[in-house]
Every structure is written in C-alpha cells, then in structure tokens.
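In: Pasted the sequence and its predicted model underneath.
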Amino acid sequence: MDESKATPKAVVLSAILHIGIVGFLFLAVLPCSSYEQFFNSLGLPASMNPITCSRPLQLQGPVIEATLIGPTGSPPPKAVKARPVPHSVPPPPTVTPPPIPQPSIKLPVKTLPPPPIHPDVVDQERVVADALKKAEDAKKLQEEKERQRQSELDAAAAKRKQEKQKKLDALFAKMDAAAAQTKKLDSKARQARQQMEDLKNAQDNGQPDLPAAAQRQTGNNSPNSSLADEYTAAIQNAVTPNWLRPDNMPNLPCEVHIVQSPGGDVMSATVDSSCPYDDAGRRSVENAVLRTKTLPYKGFESVFQRHLTFTFRPQ
C-alpha cells in the first residue's frame, strides 16, 4: 500500500475518534435531566434511549424547610442502612470510556543471524578419511608393538636356548676331555709297560750297552755293503728300542733331521714336513731319537755327519 494515500485516511479516522471521545465525555458530565431533555428534543422514541434517569423518591407528608446555622450546620445524621425500595429504578450503568488508542510504534526488526554454514561434502569426506587414517595408524602401531613384543620373547627364548646349549657343550667338552685324559693315561701306561718289556729283553740278551729292539736291522744278502748303509742300520737298531708305537701307525718311512756332536751325542731331532705320520706319530719318533741320547760313532768316524737326515722305518 502507498504510504502517501494511507496517511490522510489515518488522520481522518483519528479525528473522528477524538470527536467521539469528546462527545462521550460531554454526555458523561451532563446531568441526567438535561440529557433527557436533549434526547426528547430530538424527537426520538424512548426505546432508543440507552440511559434511563432514576426518579426522585416521592414521600408523603409536608415539605420541611430548614435553615442551616453556623458554618458547619448541624451534625450529619447517623448512617442508617437504606432498605431497598421495591420497584425502584436501578441506577444507570457506569459507562467505561473506551481506551485511547496509542500511536503505533514500529518495533525494530531484528536481523536474523545467517544460517549455519554446513561443511562441504568434500570437507566431510576429508574428515572421514582423516578419522579412518587415524584408526588405521593406531591399528598399525598396536600391531607393531605386538610384533616387537613377540620378537623380544623370541630373542629371550633363543638366548635361553643358547645358554642351555652352551652348558651342554661345556658338559660334553668336559666329558671329551676326561675321555682324552683317560686315553692318554692308558697310552702312557701301555708305553711304560712296553718300556719295561724292552728293558727286560735287553737284560736277557746280555747287551747292557745297546738298547733292545724287537727286530734287528740286518743285511739283505747284497753282494756289496757300504759303510754308510751300515751306519744307517746301526742308527735304526739304536732308535727302534726307544720308540713307543702309537695306535693306528702306518708302516711308512719318515725322515728325521738329527743334530749330533762328535761322539754321537744327540742335540736335537726334528721330523721332516714330508713325514706321513700324524702329530702323535711324529712326536713318538722325535722322542725315540732323543731317548737314545748317543748314536753309534766308533768305527763310523769317516761317515759321521753333524747334521744327519735319518730315514726312520717302523718295525
């Protein structure tokens, strides 16, 4: 609606309302008798009169005239409850004036806050993806902790097994050492018995100056015999009685490097590296030469050698 057209109409209605209010107030202050006279002068029927004035009381008897003396007059009579007069006209109803319309006040229109900004679908997907990634990372971390714990348990079990194996190895090593010691003692006892038998044989043969041998080195019916061969055979016959043969000894020759002084005293004996014997066999040959102490010398001065390579042959 156009505000320029609505304004005069509002002014007119307001003026009419104020005129009606003024007229109503005029009628309210107008005495009831004057109002009836005014209404009757209009020539309207009595049924259209909304207000009926109460009639004064009509009492029998003469009219009493009295004159008040003094500024205040006589004291008022005592209040007496008035008895209702039958068939009396009720007082006119109190007319409440209509409320004065207040001018319209335009309340300020509150601006509504903007609607909440909803996250975009892409943002929601990213949030969901981040949550899934965090859950997956937590799961991987838990699995990694489980694997680390299992590896620690496996390492502890392997360590215990290794320590137990070490104890078993040490026990077996002690058993092997005891067996080797027993075998060594048996070998020494056998060598001692062999040496006693050799000494007994030497005494039986009546040759106290020469060591006994199980088998003498003799000739082989060769038409020629050199002094060097005889010297080698004499050394063989001197070393063999002092030799204690180890077990599993092969019947193969072994070269020994001997250092002796003039007169045949043995200074040292070293087995050549080409000797086919094992360590026990080599030590047995060296010990046999050293136990001989003095090699044959008298009669072999011309073929004597201070550094002699002797071929030992087991018999």
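Out: Perfect, thanks for sending it. Residues are numbered from 1 along each chain as shown.
In: can you give me the strands for the chain?
Out: Using DSSP state E, the strands assigned to the chain run over residues 254-260, 266-271, 307-312.
In: for the second one, packing partners?
Out: I take that to be strand 266-271. Counting contacts by 3 or more C-beta pairs under 8 Å, 6 or more residues apart in numbering; DSSP states H and E, strand 266-271 is packed against strand 254-260, helix 279-292. All C-beta spots, glycine's among them, are computed from the backbone N, C-alpha and C.
In: Now the ones you listed in JSON lines, please, with extra columns for mean neighbour count and distance to Asn237.
Out: Compiled in JSON lines, these are given as follows (neighbours: other C-beta atoms under 10 Å; distance: least, C-beta to C-beta, whole Å):
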{"stretch": "strand 254-260", "mean neighbour count": "18", "distance to Asn237": "15"}
{"stretch": "helix 279-292", "mean neighbour count": "18", "distance to Asn237": "10"}
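In: wait, which of the ones you listed is closest to Val11?
Out: The closest approach between Val11 and any of the helices and strands packed on strand 266-271, judged by C-beta to C-beta, belongs to helix 279-292 at 143.4 Å.
In: contacts for stretch 296-306?
Out: Contacts of stretch 296-306 from elsewhere in the structure, counted by C-beta atoms under 8 Å, 6 or more residues apart in numbering, are 227-228, 230-231, 234-235, 238, 259-264.
In: Quick check: ChimeraX command selecting the buried ones in the residues you listed.
Out: Here is the ChimeraX command that selects only those of these that count as buried (16 or more other C-beta atoms under 10 Å):
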select :231,234,235,238,260,264
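In: export the contacts of stretch 296-306 to JSON lines and tack on pLDDT?
Out: Putting those into JSON lines (pLDDT from 0 to 100) gives the following:
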{"residue": "Leu227", "pLDDT": "87"}
{"residue": "Ala228", "pLDDT": "88"}
{"residue": "Glu230", "pLDDT": "90"}
{"residue": "Tyr231", "pLDDT": "91"}
{"residue": "Ala234", "pLDDT": "92"}
{"residue": "Ile235", "pLDDT": "92"}
{"residue": "Ala238", "pLDDT": "92"}
{"residue": "Val259", "pLDDT": "93"}
{"residue": "Gln260", "pLDDT": "92"}
{"residue": "Ser261", "pLDDT": "90"}
{"residue": "Pro262", "pLDDT": "88"}
{"residue": "Gly263", "pLDDT": "88"}
{"residue": "Gly264", "pLDDT": "89"}
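In: circling back to that earlier point, can you check which of the strands of the chain gets nearest to Asp176?
Out: Smallest distance to Asp176 across those (C-beta to C-beta): 27.0 Å, for strand 266-271.
In: in that closest one, what's buried?
Out: Along strand 266-271, these residues count as buried under the neighbour rule (16+ other C-beta under 10 Å): 266, 269, 271.
In: Mind picking the one among the residues you listed that's closest to Phe310?
Out: Distances from the buried residues of strand 266-271 to Phe310 were compared by C-beta to C-beta; the smallest belongs to Ala269, at 8.6 Å.
In: Show the pLDDT at that closest one.
Out: In the prediction, the pLDDT value recorded for Ala269 is 92.
In: got a list of what the residue nearest to it when sequence neighbours are not counted touches?
Out: By the measure of C-beta to C-beta, 6 or more residues apart in numbering, the closest residue to Ala269 outside its immediate chain neighbours is Val289, 3.7 Å from it. Going by C-beta under 8 Å, 6+ apart, Val289 touches 239, 242, 256, 258, 266, 269, 310, 312.
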